[in-house]
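**Student:** Structural data only, the sequence is not supplied:
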């Protein structure tokens with residue numbers, strides 16, 4: 001197609017003096033539209049997002065087997081295993097580095113920030129998993145989407161990301177696909193969960209989604225301005241410490257009660273591998289796209305879990321599931337087809353970067369500040385200055 005491009009427009013033969021371009025056949029217009037929208041970077045972005053969804057599917061399946069077949073309700077212990085792996089791989093990597101990227105140097109600069117972020121991440125995982133004991137799976141699927149508006153608002157105010165109409169349309173289409181998926185659950189009667197104390201469960205989901213949004217926006221800022229290894233190393237350090245304390249207080253009796261065998265051990269290993277892969281791979285995708293795009297991609301994770309459940313747990317099938325999948329993918333394409341832009345003033349940017357060499361009183365002499373924008377896209381980031389490092 002690229003060697004022999006399809007003619008998207010042809011000359012109108014009725015007016016040879018002033019020829020006017022008119023659209024070609026409808027099928028050719030659709031093909032031209034797809035060639036313009038589905039670029040290589042967009043396809044790579046969609047594929048990376050679906051890898052994250054498959055990892056979440058693995059997390060959900062192993063958790064379901066542990067809870068249903070072995071009655072192992074241990075959300076804190078499962079998270080603790082992941083943080084231990086992060087500590088062993090990434091925190092030790094920071095410990096052997098030299099200079100400003102060393103573990104001690106990072107802790108001296110901003111240990112308290114990473115401590116707060118670690119607590120937020122731990123409790124976000126715990127609240128959402130805990131909500132399954134009080135409300136239905138359908139409610140969790142629906143209310144968990146609250147993370148998307150949280151990420152949008154936080155990115156707007158703190159990361160200064162500005163969106164276009166195509167982005168809001170894409171988000172709306174993705175949420176429509178999620179609503180279609182929830183409707184299919186209702187029609188086939190697949191509302192797993194006790195449903196007792198439903199209000200408490202719904203509030204837990206909303207609280208967990210809010211904490212997830214805060215964690216994702218902070219992660220995007222860190223991986224784009226500092227490094228992926230620094231973020232994961234700090235999560236491994238503080239996550240393992242605080243989740244270990246929470247585990248000793250809340251779940252030590254549950255762990256002693258379990259009838260340990262090779263099957264339970266294998267399920268915990270599978271869960272830890274999927275969770276470790278998710279945490280390790282998500283910053284790579286987030287650096288390429290954004291926290292909002294990643295969370296939109298993760299909406300398809302429930303559908304992958306459903307497709308696996310058709311064979312493993314004999315779930316009922318509905319055509320609405322396929323429809324919801326294609327609607328979510330369409331929303332992702334609409335969102336990713338247009339680039340966001342970042343609002344910033346270059347003089348404030350330079351002054352903030354050079355605070356060590358210039359007194360802060362020099363700001364009033366800059367004159368009135370006019371806002372400017374810096375456009376970013378998937379192909380290339382147009383950045384004239386190196387990224388700001390906040391200490």
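**Tutor:** Now that the structure is in, tell me what you want to look at. In this text, all values refer to a predicted model and were calculated from it rather than measured experimentally. Numbering: from 1, shown residues only.

**Student:** chain center to the helix or strand containing residue 206: distance?
**Tutor:** Here residue 206, judged by DSSP states H and E, is contained in helix 198-225. In terms of C-alpha atoms, centre = their mean, to the nearest Å, the centre of helix 198-225 is set 10 Å apart from its chain centre.

**Student:** ok, then the element right after it?
**Tutor:** Once helix 198-225 ends, the next helix or strand along the chain (criterion: DSSP H and E) is helix 228-250.

**Student:** From the contact counts, what lies against that following helix?
**Tutor:** helix 75-86, helix 92-96, helix 103-131, helix 198-225, helix 262-288 (3 or more C-beta pairs under 8 Å, 6 or more residues apart in numbering; DSSP states H and E). Backbone N, C-alpha and C define where each C-beta goes, glycine included.

**Student:** and the angle from the helix holding residue 206 to helix 228-250?
**Tutor:** 150 degrees (axes from the mean of the first three to the mean of the last three C-alpha atoms, to 10 degrees).

**Student:** just to revisit the earlier point, tell me which of the helices and strands packed on helix 228-250 sits most buried.
**Tutor:** Mean neighbours per residue, mean count of other C-beta atoms under 10 Å, is largest over the helices and strands packed on helix 228-250 for helix 75-86, with a mean of 23.

**Student:** Residues in contact with stretch 326-342: which ones?
**Tutor:** Under the contact criterion C-beta atoms under 8 Å, 6 or more residues apart in numbering, stretch 326-342 has outside partners 37-38, 42, 45-46, 49, 159-164, 166-167, 169-178, 180, 289-290, 292-293, 296-297, 299-300, 303, 373-378.

**Student:** and with 7 Å instead?
**Tutor:** Applying C-beta atoms under 7 Å, 6 or more residues apart in numbering, the contact partners of stretch 326-342 are 37, 42, 45-46, 49, 160-164, 166-167, 169-171, 173-174, 176-178, 180, 290, 293, 296-297, 299-300, 373-377.

**Student:** Isn't residue 238 up against residue 120?
**Tutor:** No: using C-beta atoms under 7 Å, residue 238 is not in contact with residue 120, being 10.3 Å away.

**Student:** and stretch 145-155, which residues are buried?
**Tutor:** Neighbour-count burial for stretch 145-155, counted by 16 or more other C-beta atoms under 10 Å, picks out 145, 146, 147, 148, 150, 151, 152, 154, 155.

**Student:** a markdown table for these, including pLDDT and distance to residue 135?
**Tutor:** Putting those into a markdown table (pLDDT from 0 to 100; distance: C-beta to C-beta, whole Å) gives the following:
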| residue | pLDDT | distance to residue 135 |
| --- | --- | --- |
| 145 | 85 | 15 |
| 146 | 88 | 14 |
| 147 | 91 | 17 |
| 148 | 90 | 19 |
| 150 | 92 | 19 |
| 151 | 93 | 22 |
| 152 | 92 | 25 |
| 154 | 93 | 25 |
| 155 | 92 | 28 |
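
**Student:** Can you tell me how far residue 81 is from residue 155?
**Tutor:** From residue 81 across to residue 155, the span is 31 Å (C-beta to C-beta, to the nearest Å).

**Student:** just residue 95 next, same as before
**Tutor:** To residue 155, residue 95 is 32 Å away according to C-beta to C-beta.

**Student:** cool, residue 327 as well?
**Tutor:** Remark: distance between residue 327 and residue 155 (C-beta to C-beta) = 23 Å.

**Student:** cool, residue 82 as well?
**Tutor:** When residue 82 is compared with residue 155 (using C-beta to C-beta), they lie 25 Å apart.

**Student:** Next: residue 61.
**Tutor:** 31 Å.

**Student:** try residue 323
**Tutor:** For residue 323, the distance to residue 155 - C-beta to C-beta - is 29 Å.

**Student:** try residue 117
**Tutor:** 16 Å.

**Student:** residues touching the closest residue in space to residue 328 that isn't next to it in sequence, list them.
**Tutor:** Closest residue in space to residue 328, ignoring its immediate chain neighbours: residue 177 at 3.7 Å, by C-beta to C-beta, 6 or more residues apart in numbering. Each residue near residue 177 by C-beta under 7 Å, 6+ apart is listed here: 299, 324, 327, 328, 331.

**Student:** Would you double-check that residue 43 falls in a strand?
**Tutor:** No: counting by DSSP: H, G, I helix; E, B strand; the rest coil, one finds residue 43 to be helix, located in no strand.

**Student:** What is the burial count for it?
**Tutor:** Number of residues near residue 43 (other C-beta atoms under 10 Å) recorded here: 12.

**Student:** pLDDT wise, what is it at?
**Tutor:** As predicted, residue 43 sits at a pLDDT of 81.

**Student:** go on, the one 3 residues further on?
**Tutor:** What the model reports for residue 46 is a pLDDT of 81.

**Student:** ok, and the closest non-adjacent residue to it?
**Tutor:** residue 332 (6.0 Å).

**Student:** One more: residue 163?
**Tutor:** Per C-beta to C-beta, 6+ apart, closest to residue 163 is residue 340, 5.8 Å.

**Student:** just residue 325 next, same as before
**Tutor:** Closest residue to residue 325 apart from its sequence neighbours, by C-beta to C-beta, 6+ apart: residue 303 at 5.0 Å.

**Student:** cool, residue 309 as well?
**Tutor:** Excluding the flanking residues, the one nearest residue 309 by C-beta to C-beta, 6+ apart is residue 315, at 4.1 Å.

**Student:** before we move on, back to that, show me what the helix holding residue 206 is packed up against.
**Tutor:** helix 103-131, helix 137-143, helix 147-157, helix 228-250, helix 262-288, helix 291-297 (3 or more C-beta pairs under 7 Å, 6 or more residues apart in numbering; DSSP states H and E).

**Student:** closest one to residue 201 among the ones you listed?
**Tutor:** Nearest of the helices and strands packed on helix 198-225 to residue 201, taken as C-beta to C-beta: helix 103-131 at 4.6 Å.

**Student:** Measure how the closest one sits relative to helix 75-86, angle-wise.
**Tutor:** Going by the same axes, to 10 degrees, helix 103-131 makes 150 degrees with helix 75-86.

**Student:** Is residue 72 within a helix or a strand, and which one?
**Tutor:** Following DSSP H and E, one finds residue 72 outside all helices and strands.
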